[in-house]
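J.: Sharing a sequence plus its predicted fold:
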Amino acid sequence: MTSINISVPQQMRDWVEAQVAAGRYGNVSEYLRDLIRKDQSEAAQRRLEQFLLEGLESGDAATISPEFWEAKRKSLLKRFGEKKGT
């Protein structure tokens, strides 16, 4: 573990200490770690939503079937074989 020193207004400090006193967290560090985890989770959710929107906007959907995968496999094998010189 490493330490971070932060300065906050008294009102925020009182809020955090009240959350600890209410038993929601064991100490101030747990409260801050929880905030950071939530922020990381929200950032990951925003990134996922961005990827999904990009996918939706990328064009018409393709029909995925066993035949599609077989053609894809053959195409990749051909490309791989060409790069290997076989």
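T.: Yep, it's here. Computed from a predicted structure; not experimentally measured.
J.: and the nearest residue to residue 24 once chain neighbours are set aside, which of the three is it?
T.: For residue 24, ignoring the flanking residues on the chain, the nearest one in space by Cβ to Cβ, 6 or more residues apart in numbering is residue 31 at 7.6 Å. Where C-beta positions appear, they are placed from N, C-alpha and C, glycine not excepted. Counting by DSSP: H, G, I helix; E, B strand; the rest coil, the backbone at residue 31 sits in helix.
J.: With residue 16 as the reference, measure out to residue 3.
T.: 16 Å (Cβ to Cβ, to the nearest Å).
J.: Pick out whichever of the two has more residues nearby.
T.: Each of residue 3 and residue 16 has its neighbours counted (other Cβ atoms under 10 Å); residue 16 has more, 16 against 5.
J.: Isn't the more buried one up against residue 29?
T.: No: applying Cβ atoms under 8 Å, one finds residue 16 not in contact with residue 29, separated by 10.2 Å.
J.: Name the residues contacting each of those two.
T.: With contacts taken as Cβ atoms under 8 Å, 6 or more residues apart in numbering, residue 16 and residue 29 have no neighbour in common.
J.: show me where pLDDT drops low in this structure?
T.: The chain contains residues with pLDDT under 70 at 83-86.
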